[in-house]
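Chemist: Sharing a model that was predicted from the sequence below.
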Amino acid sequence: MTTAWALALAVALTTVALPTGLLVLVRRGATAAAAGGPQGPLELARLAGGPQRVVETVITLMYDDGRIRVTTDGLIKVLSPVTYDAVERALLACCGDRWHCTIGAARTKVERAAALRDLESVLVAKGLLAPAEPDPLVRRAERRHTAVLTAAAFLALAGSLAPGGHTVPFALLACVACGVAVRLVTRVPWSRPTRAGRRAVHAAHPAGLAGAVALDGPTALPKGLLREQLLRTAPDPPGRTVTTDGDHGSCDMNGGCCDPGHG
């Protein structure tokens, strides 16, 4: 290999390596763990089972302490309009002036309430939940990385077709392959629990019925009216329907984290 080719290879490899390193840094920064774990069953519910698990947990919490009751026809009826957080207020707001609503309506409205977004923002700030989408810094890094890998691949292809040795093109292709592998390994599970969030779920041992539902869903409830109605109105099959997501562990379809250590 001539000095010119060696210099060209060094420049090309550096050109690929720098955007790859930047991408790794900004992606890690987007999900950096901060101090503190989930506070209370509602935060744990969002990590363990997604937004619908939060709705099931808040219904269980208010049912268990007698502030609401559930009827055989799937209605939530308010017995005491006392609330202790924004998600509970969102549930009561769903019931309205008539002080009752269906569990199905509560699932839809509470999941879309600003209170749930605020709860998710708290978890994102703690590094337990990935943001819903990449921020502008991550998007720019991803676009730059894509452009560099594409250009490097074309250069490698052109070099392989030119007369002479193929050492430089092959080395460049290997570098592109490494860049793609790094991109896949460091991908962020947007709107899903981070590594720290999954560890927090695995380590959780919540008390009470609401804690059991937060961690394992309505199937954790003893047989009875509440369990029956929550399972009947569930939008997805009950329990922990999971998909394996490589490095990111197992998560259910609602954006929650599933861990075989529980359930």
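Modeler: Arrived safely.
Chemist: For Met62, see how far away Val176 is.
Modeler: 55 Å (Cβ to Cβ, to the nearest Å). Glycine gets a C-beta too; all of them are placed from N, C-alpha and C.
Chemist: Name the residue in these two with the higher neighbour count.
Modeler: Of the pair Val176 and Met62, Met62 is the one with more neighbours under other Cβ atoms under 10 Å, namely 25 against 22.
Chemist: which ones are touching that one?
Modeler: By Cβ atoms under 8 Å, 6 or more residues apart in numbering, the contact list for Met62 reads 68, 88, 91.
Chemist: Sticking with it, tell me its helix or strand.
Modeler: In the assignment (DSSP states H and E), Met62 maps to helix 51-64.
Chemist: and what of His205?
Modeler: Counting by DSSP H and E, His205 is part of no helix or strand.
Chemist: What does it show for phi and psi?
Modeler: Reported as degrees, to the nearest 10, the phi and psi values for His205 are phi -140, psi 70.
Chemist: what's around Leu149, how many residues?
Modeler: Leu149 has 20 nearby residues by other Cβ under 10 Å.
Chemist: hang on, isn't it packed against Gly179?
Modeler: Yes. Contact criterion Cβ atoms under 8 Å: Leu149 and Gly179 qualify, at 5.1 Å.
Chemist: In three-state terms, label Arg117 for me.
Modeler: At Arg117 the chain is in helix, as set by DSSP: H, G, I helix; E, B strand; the rest coil.
Chemist: what's around it, how many residues?
Modeler: Arg117: 12 surrounding residues under other Cβ under 10 Å.
Chemist: can you tell me which of the contacts of Met62 are in strands?
Modeler: Ile68 (DSSP state E).
Chemist: could I get the contacts of Met62 as TSV with distance to Pro19?
Modeler: Formatted as TSV, these follow (distance: Cβ to Cβ, whole Å):
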residue	distance to Pro19
Ile68	53
Glu88	46
Leu91	47
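Chemist: Just the buried ones from the contacts of Met62, in PyMOL syntax?
Modeler: Only the buried entries of those go into this PyMOL selection, using 16 or more other Cβ atoms under 10 Å:
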select buried, resi 68+88+91
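Chemist: any idea of the pLDDT on Arg112?
Modeler: pLDDT for Arg112: 92.
Chemist: what about it, how many neighbours?
Modeler: Other residues close to Arg112 by other Cβ under 10 Å number 12.
Chemist: Stretch 182-195: end-to-end distance?
Modeler: The first residue of stretch 182-195 is 17 Å away from its last residue (Cα to Cα, to the nearest Å).
Chemist: no, scratch that, I was asking about stretch 78-94
Modeler: Stretch 78-94 end-to-end distance (Cα to Cα) = 11 Å.
Chemist: Where does pLDDT dip in the stretch 1-150 of the chain?
Modeler: Scanning the stretch 1-150 of the chain for pLDDT under 70 picks out 1-9, 11-13, 15, 22-23, 25-36, 132-135, 137-138.
Chemist: Provide the secondary structure category for Arg144.
Modeler: Here Arg144 is helix, with the state taken from three-state DSSP.
Chemist: quick one, what contacts the nearest residue to it once chain neighbours are set aside?
Modeler: Sequence neighbours aside, Pro19 is the residue nearest to Arg144 in space, at 5.0 Å (criterion: Cβ to Cβ, 6 or more residues apart in numbering). Neighbouring residues of Pro19 by Cβ under 8 Å, 6+ apart: 141, 144-145, 148, 179.
Chemist: Check Ile103 too.
Modeler: Ile103 touches 59, 70, 74-76, 229-230, 233, counting by Cβ under 8 Å, 6+ apart.
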